[in-house]
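>>> no FASTA, just this:
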């Protein structure tokens with residue numbers, strides 16, 4: 001059996017808690033993902049964005065976010081001054097990759113700097129750039145997109161000092177290229193992504209069960225730390241500290257987007273919510289799900305909560321049905337909110353790109369405190385082969401509780417040539433605690 005296929009077959013077992021790839025096996029997959037992206041994605045992105053030569057400059061512990069996506073699996077950080085250069089081949093397809101580094105930069109990007117022949121790393125960079133005769137030189141600077149703004153001022157100044165005068169005017173922002181590199185998902189990555197989301201769902205299902213929660217005893221904070229320990233025990237990582245909170249009858253507070261702790265003892269009759277994600281094999285997940293704590297004698301959640309979840313699902317459908325290539329996040333947001341309100345719903349939408357980073361680069365579709373649109377990032381158009389955390393809520397008045405609640409949902413989704421799909425389904429039934 002092909003080794004790559006064999007490794008991929010381990011992943012469904014991981015979702016069942018039976019098998020975690022060793023670090024060595026993960027390194028093989030990460031190398032394969034990077035090679036595929038360098039060979040097949042980057043040349044197209046450079047063509048699409050009109051960048052002839054792309055130079056990435058970073059330093060140990062102060063890594064450019066783009067460089068972090070290119071680090072060999074045996075490099076946990078950049079080392080010393082790390083410089084990568086990608087240039088379009090003049091009379092052939094594809095690109096040439098080079099690392100101007102003191103140490104070999106993994107298997108995929110050859111290190112070409114010989115310090116004994118050229119003591120200055122910066123001069124070696126300048127000489128290499130001149131040898132390529134680029135029409136322009138892309139650098140990672142951006143006012144609005146943090147992940148595309150990885151070139152620090154000191155390194156920018158050093159580059160400009162060493163470039164010949166004729167080349168200084170060729171320096172341009174590679175903002176669009178950097179965003180495209182971070183936001184675009186390949187077919188190989190999507191083979192992995194479904195399993196990563198399945199793992200996330202499995203962990204949440206275990207957290208929202210009698211194995212972890214004893215009503216009247218277990219606190220929301222206990223569940224948060226159980227999630228952290230569970231991920232650690234599987235040899236995985238979390239990219240943010242999870243949250244777990246409750247909504248219940250006879251309490252007036254509507255869940256707010258603030259920094260106040262929602263620590264509480266979980267009780268029968270509670271609607272429990274979590275926000276949780278993992279990092280694995282260079283990708284991230286981000287998921288919010290809901291569970292109901294059964295009261296004695298109950299076999300299912302009350303109809304009013306089942307109906308409330310259905311309203312949340314309806315907001316999801318309205319929203320994702322509006323995904324279209326080339327349409328900005330702000331336009332999709334406005335149209336979706338208007339449609340939802342016209343149906344009598346009370347939605348909020350605050351969806352973000354998801355993938356190489358949890359809060360990734362690309363199209364922003366609202367923020368919880370910016371429901372009228374997001375300047376610049378929200379104007380960025382939707383591109384195919386991109387993934388998102390479909391994060392939103394709708395407020396629902398519960399007559400039996402005499403109060404509003406929020407149905408807060410978040411699921412990983414993919415937008416491609418065939419439109420939108422959830423990467424590994426979505427929650428359409430409340431999880432039940434105590435069944």
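Yep, it's here. Since we're looking at a predicted model, the values are computed, not measured.
>>> Could you tell me which residues make contact with the nearest residue to residue 320 once chain neighbours are set aside?
Nearest residue to residue 320 in three dimensions, chain neighbours excluded: residue 420, at 4.4 Å (Cβ to Cβ, 6 or more residues apart in numbering). Just so you know, the C-beta spots here come from the backbone N, C-alpha and C atoms, and that holds for glycine as well. Each residue near residue 420 by Cβ atoms under 8 Å, 6 or more residues apart in numbering is listed here: 320, 321, 323, 413, 414.
>>> isn't the third one right up against residue 416?
This points to residue 323. No: in this structure, residue 323 is not within contact of residue 416 by Cβ atoms under 8 Å, at 10.1 Å.
>>> Mutual contacts of these two, please.
In contact with both residue 323 and residue 416: no residue, using Cβ under 8 Å, 6+ apart.
>>> neighbour count winner among the two?
Counted by other Cβ atoms under 10 Å, residue 323 and residue 416 do not tie: residue 323 has more neighbours, with 21 against 15.
>>> Confirm that that one sits in a strand.
No: checked against DSSP: H, G, I helix; E, B strand; the rest coil, residue 323 lies outside a strand; its state is coil.
>>> Excluding sequence neighbours, find me the nearest residue to it.
residue 420 (4.6 Å).
>>> Do I have it right that residue 95 meets residue 85?
No: between residue 95 and residue 85 there is no contact under Cβ under 8 Å: 9.8 Å.
>>> Tell me which of those two has more neighbours.
residue 85 (23 against 20).
>>> From residue 375, how far off is the residue nearest to residue 323?
Going from residue 420 to residue 375 by Cβ to Cβ, to the nearest Å gives 25 Å.
>>> Report the buried residues of the host helix or strand of residue 406.
Here residue 406 sits within strand 403-416, counting by DSSP states H and E. For strand 403-416, the buried set under the neighbour-count rule, 16 or more other Cβ atoms under 10 Å, comprises 403, 405, 406, 407, 408, 409, 410, 411, 412, 413, 414, 415.
>>> Spit out the contact partners of the last one.
Right, residue 415. Contacts of residue 415 (Cβ under 8 Å, 6+ apart): 323, 382, 384, 385, 386, 387, 388.
>>> Nearest to residue 183 among those?
residue 386 (4.9 Å; Cβ to Cβ).
>>> Surely that closest one touches residue 361?
No: counting by Cβ under 8 Å, residue 386 stays clear of residue 361, with 9.8 Å between them.
>>> between those two, who's got more neighbours?
residue 361 (27 against 24).
>>> doesn't residue 149 make contact with the more buried one?
No: applying Cβ under 8 Å as the test, residue 361 and residue 149 come out as separate, 10.1 Å apart.
>>> Mark out where each domain of this structure begins and ends.
Residue ranges for the domains of the chain, per automatic domain parsing: 19-181, 186-433.
>>> Need those domains in CSV (columns: mean pLDDT).
What follows is those, written out as CSV (pLDDT from 0 to 100):
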stretch, mean pLDDT
domain 19-181, 93
domain 186-433, 94
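>>> Residue 338 and residue 318: what is the separation?
For residue 338 relative to residue 318 (Cβ to Cβ), the value is 10 Å.
>>> between these two, which one's more packed in?
Neighbours per residue (other Cβ under 10 Å) separate residue 338 from residue 318, with residue 318 holding more: 21 against 12.
>>> is it true that that one lies in a helix?
Yes: assessed by three-state DSSP, residue 318 belongs to a helix.
>>> All the strands of the stretch 201-350 of the chain, in order from the start?
Using DSSP state E, counting those that start in this stretch, the strands found in the stretch 201-350 of the chain span residues 243-247, 271-276, 279-280, 283-284, 287-293, 347-349.
>>> can you list contacts of the longest one?
If you take Cβ under 8 Å, 6+ apart as the criterion, strand 287-293 is touched by 197, 200-201, 204, 208, 213, 215, 266-277, 301-302, 305, 309, 389, 391, 407-412, 427, 430-434.
>>> Just the buried residues of the residues you listed.
Counted by 16+ other Cβ under 10 Å, the contacts of strand 287-293 give 197, 200-201, 204, 208, 213, 215, 266-267, 269-277, 301-302, 305, 309, 389, 391, 407-412, 427, 430-434 as buried.
>>> picking that back up, just the element for the residue nearest to residue 320, please.
strand 419-422.
>>> What residues of stretch 170-178 count as buried?
Buried-residue list, stretch 170-178, by 16+ other Cβ under 10 Å: 171, 172, 173, 174, 175, 176, 177, 178.
>>> Mind checking which of the residues you listed land in helices?
175, 176, 177, 178 (DSSP state H).
>>> mind listing what the second one touches?
Think residue 176. residue 49.
>>> sorry, back to before: of all the strands of the stretch 201-350 of the chain, which one comes closest to residue 37?
Using Cβ to Cβ, the strands of the stretch 201-350 of the chain put strand 283-284 closest to residue 37, at 12.4 Å.
>>> by contact count, what packs against the closest one?
helix 187-207 (3 or more Cβ pairs under 8 Å, 6 or more residues apart in numbering; DSSP states H and E).
>>> how far does the helix it packs on sit from the chain's center?
Centroid separation for helix 187-207 versus its chain: 13 Å, with Cα atoms, centre = their mean, to the nearest Å.
>>> other SSEs contacting it?
By 3+ Cβ pairs under 8 Å, 6+ apart, helix 187-207 packs against helix 3-15, helix 23-36, helix 220-233, strand 271-276, strand 283-284, strand 287-293, strand 403-416.
>>> The fifth one: partners in the sheet, and parallel or antiparallel?
The sheet places strand 283-284 alongside strand 279-280 (antiparallel), with pairing taken from DSSP bridges.
>>> who's in contact with the strand it pairs with?
Contacts for strand 279-280 (Cβ under 8 Å, 6+ apart): 26, 196, 199, 236, 237, 238, 239, 358.
>>> From residue 276, how far out is the third one?
Between residue 199 and residue 276 the computed distance is 11 Å (Cβ to Cβ).
>>> Name the residues contacting each of the two.
With Cβ under 8 Å, 6+ apart, residue 199 and residue 276 have no common neighbours.
>>> Contact partners for the spatially most central residue of the chain?
In the chain, the centroid-proximal residue (Cα atoms, centre = their mean) is residue 354; its distance is 2.5 Å. Counting by Cβ under 8 Å, 6+ apart, residue 354 makes contact with 284, 285, 286, 360, 387, 388, 389, 412.
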